[in-house]
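In: Got a predicted structure here, sequence first:
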Amino acid sequence: MPEHKIGTREEWQAARDGLAKLEAEQAERNEEIKKKRLDLPWVPVEKEYEFDTEEGKKTLAELFEGRSQLLAYNIMFGPDYTNGACPGCSNLGDGLDGSLVHLNHRDVTLLCFSRAPIERLAAYKQRMGWQFPYVSTYNTEFAFDFGLALTEEQAQQIREVKEMIDNPPEWLQEWSRQVGAELKDGLREGPSWIAFARENGTVYHTYTVMAPDPFVAPYFSFLLERTPKVQPAEPRSWRKDEYPD
């Protein structure tokens with residue numbers, strides 16, 4: 001017998017109607033949040049940054065590729081990682097390519113940042129089969145200036161980070177082995193989305209959001225939420241070429 005409650009069609013419809021009301025309320029709340037997000041002030045980026053890309057050096061303005069909006073995900077792949085990027089961030093990256101053409105046709109350039117050198121990013125991108133632009137912030141202050149990474153001193157000052165470094169749970173120790181970096185280095189990278197706008201030659205920082213916000217999650221997580229069985233809590237993520245089977 002199934003462990004879940006079994007009911008009639010009428011019972012299902014009544015329960016579904018109650019859920020629909022909550023979902024409508026959530027959708028209304030999301031619209032309010034979206035408006036406040038759009039109302040955030042734009043901050044001019046006055047510092048000059050130069051990034052390593054697969055096509056050579058580019059400025060922040062050049063990363064827009066002629067569009068007026070730039071949306072980027074900061075993948076946890078620090079200079080100290082020897083085995084590749086964070087598996088969870090890699091899961092998110094696996095879902096981005098299908099969005100490229102749609103965002104590009106809506107005046108948005110989509111790309112990913114990481115602090116590892118470009119040669120290692122390019123090799124990992126090939127391994128994962130990704131097509132989106134992957135940009136290195138190696139040897140720049142960009143990630144630190146925008147809160148996408150922590151300095152060693154900052155990491156020690158954040159209680160939650162220090163506790164995870166000093167007393168890591170088993171799954172976090174496994175994560176450390178997966179990325180090939182000590183936790184004191186690995187946990188300094190920030191899984192984050194960041195957005196910029198460009199108008200009249202000026203680049204503006206408009207938005208940043210970091211995990212554990214639901215937006216900073218693999219796309220398939222949103223699909224799993226609609227499936228009928230409760231997904232077991234599994235903090236560990238697998239890269240798509242490393243599943244045990």
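Out: Sure thing, it's come through.

In: Please verify my assumption that Cys112 contacts Pro133.
Out: Yes. When contacts are counted by Cβ atoms under 8 Å, Cys112 is listed as touching Pro133 (7.4 Å). Where C-beta positions appear, they are placed from N, C-alpha and C, glycine not excepted.

In: Residues in contact with the helix or strand where Asn91 lies: which ones?
Out: Following DSSP states H and E, one finds Asn91 within helix 87-94. Contact partners of helix 87-94, identified using Cβ atoms under 8 Å, 6 or more residues apart in numbering, comprise 73, 75-77, 84-85, 112, 128, 130, 132, 175, 178-179, 191, 216-220, 236-240, 242.

In: Sort out which of those are buried, if you could.
Out: 73, 75-77, 84-85, 112, 128, 130, 132, 175, 178-179, 191, 216-218, 237, 239 (16 or more other Cβ atoms under 10 Å).

In: Just the ones in strands from those residues, please.
Out: Using DSSP state E, the subset of the buried ones among the contacts of helix 87-94 located in strands is 73, 112.

In: hey, which helix is longest across the chain?
Out: helix 9-38 (DSSP state H).

In: Give the buried residues for that helix.
Out: When neighbours are counted by 16+ other Cβ under 10 Å, no buried residue of helix 9-38 is found.

In: what's the answer for stretch 117-131, then?
Out: By neighbour count on 16+ other Cβ under 10 Å, the buried set for stretch 117-131 is 118, 120-121, 124-125, 128, 130.

In: so where is the chain shaky, pLDDT-wise?
Out: 1-2, 230-235 (pLDDT under 70).

In: ok, Asp94 - how many residues close by?
Out: Neighbour count of Asp94, defined by other Cβ atoms under 10 Å: 17.

In: circling back: roughly how far out does the helix holding Asn91 sit from the chain middle?
Out: Distance of helix 87-94 from its chain centroid, counting by Cα atoms, centre = their mean, to the nearest Å, is 8 Å.

In: before we move on, what about stretch 178-187?
Out: Distance of stretch 178-187 from its chain centroid, counting by Cα atoms, centre = their mean, is 17 Å.

In: which other residues reach whichever strand or helix holds Leu121?
Out: Leu121 is part of helix 118-128, with elements assigned from DSSP H and E. Contacts with helix 118-128, where a contact means Cβ under 8 Å, 6+ apart, come from 52-54, 77, 84-85, 90, 93-94, 114, 116, 134-136, 138, 239-241.

In: cool, stretch 60-68 as well?
Out: 45, 49, 51, 53, 70, 104, 107-109, 111, 133, 135, 142, 196-199, 201, 203.

In: Could you pick out the buried ones from those?
Out: Buried among the contacts of stretch 60-68 (16+ other Cβ under 10 Å): 45, 49, 51, 53, 70, 108-109, 111, 133, 135, 142, 196-198, 203.

In: one step back: mind listing what the helix or strand that comes right after the longest helix of the chain pairs with, with the direction of each?
Out: Downstream of helix 9-38, the first helix or strand assigned by DSSP H and E is strand 43-44. Sheet pairing here is set by DSSP bridges, and for strand 43-44 it gives strand 202-210 (antiparallel).

In: Mind giving me the packing neighbours of the helix or strand following the partner strand?
Out: Later in the chain than strand 202-210, the nearest helix or strand by DSSP H and E is helix 219-224. Here helix 219-224 touches helix 87-94, going by 3 or more Cβ pairs under 8 Å, 6 or more residues apart in numbering; DSSP states H and E.
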